[in-house]
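Colleague: Sequence first, predicted coordinates after that:
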Amino acid sequence: MICVDCSKELVVGASHCHHCGSRIIYHRLNFRDLLVDLFQRVTNLERGLWPTVKDLTIRPGQVCHGYIRGMRKRYTPPATYALIIGSVYAILSLLDSDIYWYEELMGGMSMGGADASSDPEFIEKFIPFRLPLLFLPVYAITLMNRLFYYKQYNWAEQAVVALYYYAHFLLIFLILHTSTVLINNLLLPENPENPALISIVIGLIWGVITISFKIRVYAAVYQHKNKFSSMAKPILAFILGGILNLLPYVALALYFLWDID
């Protein structure tokens, strides 16, 4: 019997290949195998999704540096990690459409600040662009990383940092958004006296966490001359990247408005 992964001879009765370590399957693939494989990859404490999530939270520099320098087994690859988190984001959006913040933005553009739900024809045009728009910031972040830290990493290495950073940012956003929904539903009254104030406070908390995460990741990944540079560069990259990322939304909005008229 030959191993399907490394094409080496297998030991009779073995459960794993003694050359490459691949698990030997003696029966046809079924759904149980798929679920077991998914569970093992997600819950694996030494390699896979869980250590990637944990270390990106605790020591993001180790994950980015490790992958760039050749560490391929301990952590989930950046593109795969971004795809997994993006898929979770898309699935949760089916339960809560407010996750797609651009719908409110586009609705405001089309109705002069009105609720996006009042212009369904306009918003419906954006549905096919959801996935490209979701991952669009990766390109903006990569460009900003290259602009501010061009001496430290090449384009591909900057893309690794961008993918890990953005995917983990999405994960943090999902946690913050879910927490906000729970707070609104469980702790706050149905008709708060100052809803605008609550929104401002939540927005400020989101902003502080977002900027803090950006500074922390970039301080761990890149070399800075001093503390001022370690704070100023990530903040400036965040602002310019946000503006760059906003341009396609504006372009689509203007095009769809012209098409509707």
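Modeller: All right, it came through fine.
Colleague: Gly13 versus Ala90, what's the distance?
Modeller: 44 Å (CB to CB, to the nearest Å). Heads up, the C-betas are built off the backbone N, CA and C, glycines and all.
Colleague: Kindly report the same for Pro248.
Modeller: 58 Å.
Colleague: The longest helix along the chain - contacts with which helices or strands?
Modeller: Longest helix in the chain, counting residues (DSSP state H): helix 227-260. Under the contact definition 3 or more CB pairs under 8 Å, 6 or more residues apart in numbering; DSSP states H and E, helix 227-260 sits against helix 102-111, helix 120-124, helix 130-148, helix 195-221.
Colleague: Report the inter-axis angle for it versus helix 130-148.
Modeller: 140 degrees (axes from the mean of the first three to the mean of the last three CA atoms, to 10 degrees).
Colleague: Compare the mean pLDDT across the helices and strands packed on helix 227-260 and name the weakest.
Modeller: Note on the helices and strands packed on helix 227-260: lowest mean pLDDT is at helix 102-111, with a mean of 52.
Colleague: okay, now Leu92: neighbour count?
Modeller: Neighbours of Leu92 under the rule other CB atoms under 10 Å: 14.
Colleague: SS state for it?
Modeller: helix (DSSP: H, G, I helix; E, B strand; the rest coil).
Colleague: what comes up buried for stretch 51-64?
Modeller: Residues of stretch 51-64 classed as buried under the neighbour-count rule (16 or more other CB atoms under 10 Å) are 51-53, 55-56, 60-64.
Colleague: List the contacts of it.
Modeller: When contacts are defined by CB atoms under 8 Å, 6 or more residues apart in numbering, stretch 51-64 is touched by residues 44-45, 74-76, 81, 160-161, 164-165, 168, 171, 216-217, 220-221.
Colleague: export that stretch as CSV, just CAs?
Modeller: Extracted C-alpha coordinates of stretch 51-64, given in CSV (Å, rounded to 0.1, in the frame of the first residue of the first chain):
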residue,chain,number,x,y,z
PRO,A,51,-2.9,28.9,18.1
THR,A,52,-3.1,31.4,15.2
VAL,A,53,-6.0,33.3,16.9
LYS,A,54,-4.3,33.1,20.3
ASP,A,55,-0.8,34.3,19.2
LEU,A,56,-2.2,37.0,16.9
THR,A,57,-3.9,38.4,20.0
ILE,A,58,-1.0,37.9,22.4
ARG,A,59,2.1,38.1,20.2
PRO,A,60,1.2,39.2,16.6
GLY,A,61,4.8,39.8,15.7
GLN,A,62,5.7,36.1,16.2
VAL,A,63,3.0,35.0,13.8
CYS,A,64,3.9,37.4,11.0
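Colleague: quick one: average confidence on it?
Modeller: On average, stretch 51-64 scores 91.
Colleague: if we can go back for a sec, just the buried ones among the contacts of stretch 51-64, please.
Modeller: By 16+ other CB under 10 Å, the contacts of stretch 51-64 give 74-76, 81, 160-161, 164-165, 168, 171, 217, 221 as buried.
Colleague: and which of the residues you listed is nearest Leu252?
Modeller: Tyr165 (24.7 Å; CB to CB).
Colleague: show me the residues around the closest residue to that closest one other than its chain neighbours that make contact.
Modeller: Spatial nearest neighbour of Tyr165, chain neighbours left out: Val217 (5.3 Å); criterion: CB to CB, 6 or more residues apart in numbering. By CB under 8 Å, 6+ apart, the contact list for Val217 reads 60-61, 64, 161, 165, 168, 234.
Colleague: Adding distance to Phe129 and secondary structure, write the residues you listed out as JSON lines.
Modeller: Formatted as JSON lines, these follow (distance: CB to CB, whole Å; DSSP: H, G, I helix; E, B strand; the rest coil):
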{"residue": "Pro60", "distance to Phe129": "30", "secondary structure": "helix"}
{"residue": "Gly61", "distance to Phe129": "34", "secondary structure": "helix"}
{"residue": "Cys64", "distance to Phe129": "29", "secondary structure": "helix"}
{"residue": "Val161", "distance to Phe129": "25", "secondary structure": "helix"}
{"residue": "Tyr165", "distance to Phe129": "23", "secondary structure": "helix"}
{"residue": "His168", "distance to Phe129": "24", "secondary structure": "helix"}
{"residue": "Pro234", "distance to Phe129": "28", "secondary structure": "helix"}
